[in-house]
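Peer 1: Any chance you could fold what I've pasted below:
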Amino acid sequence: MAEQTRQDSGQARQPRKHSWVLILLSVLLIVAIGVLAFAYREDLQRIVQNIDDYKNYAYIIAFVVNFMAGATVIVYVPGVPTVFALGGIVPFPLIVGLVAGLGEALGGFTGYMLGLGGESYFKQPGNGRIQRAFQSIYSRIDGWMGKRGYVTVFLASAIFNPFYMLFGATAGATGMAPWKYYLASAAGKIVKATYVAYLGAWGMGYILGWLGIKTAA
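Peer 2: Okay, the predicted model is just below:
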């Protein structure tokens, strides 16, 4: 596809420094947001467990928590439980799904930047086990991206996918335009967050009661 073709050789041969800046920046963001999520893990849990207390901030919480969930993989961030809980207390679950999806897709740019900067690492033959494993995964996803790039990103975003960052990295490594990547990713993330929010709206009281999570009567 045209949007995924490699840039011409003059553009592709960018200085190594530029690539390492992207890699370093993405790693720093992944680690920083992971550390932040770890430091405030009890607060995040408290928000989910006492979600009624935060009803006035529902949409802000949906965006911020899911941005963090999309941006890091080193610490678990309760993006899905938060959307589920918020869907049960707001009048418009659709808006929860919308802002949560936009936030998670924005956070997913950490993976895209990692792939954009580390494209040569994915492509160059390597003898190390880790690099070979990355190249094997990259080759498989790259094949899907080459045939249906936008569809692949959309479908990978619209499901519960713990490996989504690899799809974002592949999108960056294959040269998909950042805004096109964001649109495809956001569309899928919005679909996922919206059906989770509506599941919360339809089954909130029973399911959270069964889990022992307190909500107002």
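Peer 1: how many neighbours does residue 28 have?
Peer 2: Number of residues near residue 28 (other C-beta atoms under 10 Å) recorded here: 11. In this view, the C-beta of every residue, glycine as well, is placed from N, C-alpha and C.
Peer 1: how far away is the spatially most central residue of the chain from residue 91?
Peer 2: By C-alpha atoms, centre = their mean, the chain has its centre lying nearest to residue 70, at 2.9 Å. For residue 70, the distance to residue 91 (C-beta to C-beta, to the nearest Å) stands at 26 Å.
Peer 1: swap in residue 183?
Peer 2: As for residue 183, its distance to residue 91 is 28 Å (criterion: C-beta to C-beta).
Peer 1: more neighbours, those two?
Peer 2: Counted by other C-beta under 10 Å, residue 183 and residue 91 do not tie: residue 183 has more neighbours, with 15 against 8.
Peer 1: Would you enumerate the residues in contact with that one?
Peer 2: If you count contacts by C-beta atoms under 8 Å, 6 or more residues apart in numbering, residue 183 has none.
Peer 1: What strand or helix carries it?
Peer 2: Using DSSP states H and E, residue 183 sits within helix 178-211.
Peer 1: what about residue 154, which SS state?
Peer 2: The three-state label given to residue 154 by DSSP: H, G, I helix; E, B strand; the rest coil is helix.
Peer 1: was I right about it contacting residue 184?
Peer 2: Yes: counting by C-beta atoms under 8 Å, residue 184 is a contact partner of residue 154 at 4.9 Å.
Peer 1: Could you check which of those two is surrounded by more residues?
Peer 2: Using other C-beta under 10 Å as the criterion, residue 154 and residue 184 rank with residue 184 on top: 23 against 18.
Peer 1: Noted, bye for now.
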